[in-house]
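Asks: give me a model of this one.
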Amino acid sequence: MINPIKTNSYLPSMVDAVDLSRSSSRNSLSTISLQSFKQLFKSNSLSESKSLAETVISRLNRKQLWQEKPIDMQQGDLSDIAVNAALAGFTYGESLTHISDIEEKINNSSQHSLYRLEDFRSEFLKKPLLTNLKFSTEGIVFDKHTGLIAALFYDKTSHQLKLVFGGTHSGKGFVKPKHYRSLSLQQLTTDLKNLVANSVPTLYLQAAAVVDAIKTTTQQLANSNKQPQIAPNLLLLGHSLGGAMAQYAAIKHSVKAIGYSSAALGHAALLDLAKANRLWDADWVKQHIQHYFIAGDPICDPLLWKTGGRFRAKFSLTNLGTRYIIDPHSKGYSSYLARHSYSEQHILMFIDKYLAKPS
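Replies: Predicted coordinates:
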């Protein structure tokens, strides 16, 4: 049974989680045969992984796996973007009151409450990667050995579960100071490994394992018909490193993800997704993976993606899916690094200014 943090809050019913299954697509990589890719994956030698990754990423034609689009300026869509941005920043120490205030300010109908990830403990323990998980009193899950921190929300209005992955330097206020230092160190190490390592960072693999465990549990509840009223579909959220984890886990397990200032996936993560046959349907990727970036963000500068900048070309870094670019709006956070760290403020000001315009 999945229980909310507050004992007096409404307990939703759980039935079939909506599985965003991929439709078959033979046009995504029209110039390359699937068989030729399978030939590339016969070798698992780590010594060959970099050259293999470069070959795969080159042949995948990364531009087929992402697109840039303008934001839909409908009020409902804008308010959802704002609320999800606040949720994505929750693990950095934001309060539930902050999320509620945003929902009220922009007249969003959502009603988010925290759910205890500890209720998934039995399924988590079946995963070798998740045996060291700890649970905070707020229902947050973390692993000081890897830097993982995640929170689960439930929206009573849309009946949707939203899993938030923390980015670099997240966890403050939710864990003990000594654990926060360990989390930050491991998160920074993951950033580096994503850039240069020949294997997928453990933190990414843990994120995928957490998603798999939650999907399994909700499906079991659905099959038992114990909670037949609601069909929640899982949405993954994250900022920076958390956005990278969200897109990796979402593609791995066929769910939707929205990242804010997402760190790009390194060649090892991209190669892993390709070897798992998760990148053949470019249309699915572009429909279900979304990113919101602030123009000029040095961590995920869209200009470098458009021009195939030398740095990103060398390390094969790519954010998959659909990208939405927002001009900076906060003068107080106008430096290039602040555009990344405080992207939520830019997004909220952008939306607030637009909604304040007379119709």
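Asks: let's see the strand ranked longest in the chain as CSV, backbone CA atoms only.
Replies: Secondary structure of the chain per DSSP state E: the longest strand is strand 148-155. The C-alpha trace of strand 148-155 is given here as CSV (Å, rounded to 0.1, in the frame of the first residue of the first chain):
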residue,chain,number,x,y,z
LEU,A,148,21.1,9.4,-5.1
ILE,A,149,18.3,11.4,-3.7
ALA,A,150,14.7,11.2,-4.9
ALA,A,151,11.2,12.3,-3.8
LEU,A,152,7.8,11.1,-5.0
PHE,A,153,4.8,13.3,-5.4
TYR,A,154,1.2,12.5,-6.2
ASP,A,155,-1.1,15.0,-8.0
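Asks: which other helices and strands does it contact?
Replies: Applying 3 or more Cβ pairs under 8 Å, 6 or more residues apart in numbering; DSSP states H and E, we find strand 148-155 packed against strand 112-115, strand 141-143, strand 160-165, helix 202-224. In this view, the C-beta of every residue, glycine as well, is placed from N, C-alpha and C.
Asks: show me what contacts the spatially closest residue to residue 289 that is not a sequence neighbour?
Replies: Using Cβ to Cβ, 6 or more residues apart in numbering and skipping residues adjacent in sequence, the residue nearest residue 289 is residue 321, 2.7 Å away. By Cβ atoms under 8 Å, 6 or more residues apart in numbering, the contact set of residue 321 is 65, 66, 247, 257, 285, 286, 288, 289, 290, 291.
Asks: among those, which ones are in helices?
Replies: Among the contacts of residue 321, the residues falling in helices (DSSP state H) are 247, 285, 286, 288.
Asks: a markdown table please, covering those residues and showing distance to residue 112.
Replies: A markdown table is the format used below for these (distance: Cβ to Cβ, whole Å):
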| residue | distance to residue 112 |
| --- | --- |
| 247 | 21 |
| 285 | 27 |
| 286 | 27 |
| 288 | 21 |
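Asks: so which of those wins on neighbours?
Replies: In terms of neighbours by other Cβ atoms under 10 Å, these top out with residue 247 at 33 neighbours.
Asks: quick one: pLDDT of the spatially most central residue of the chain?
Replies: For the chain, the residue nearest the mean C-alpha position is residue 246 (2.1 Å; Cα atoms, centre = their mean). pLDDT, residue 246: 98.
Asks: residue 83 contacts residue 110, doesn't it?
Replies: Yes. The pair residue 83 / residue 110 is scored as a contact, 5.5 Å apart, by Cβ atoms under 8 Å.
Asks: mutual contacts of the two, please.
Replies: Any residue near both residue 83 and residue 110 by Cβ under 8 Å, 6+ apart counts here, and that gives residue 103.
Asks: where does pLDDT dip in this protein?
Replies: Low-confidence segments of the chain, defined by pLDDT under 70: 1-63, 225-232, 301-316, 357-359.
Asks: helices of that one, residue ranges please.
Replies: Taking DSSP H as the criterion, the chain carries its helices at 34-40, 49-60, 75-88, 96-105, 121-124, 177-196, 202-224, 241-253, 267-275, 282-288, 302-307, 310-315, 336-341, 343-356.
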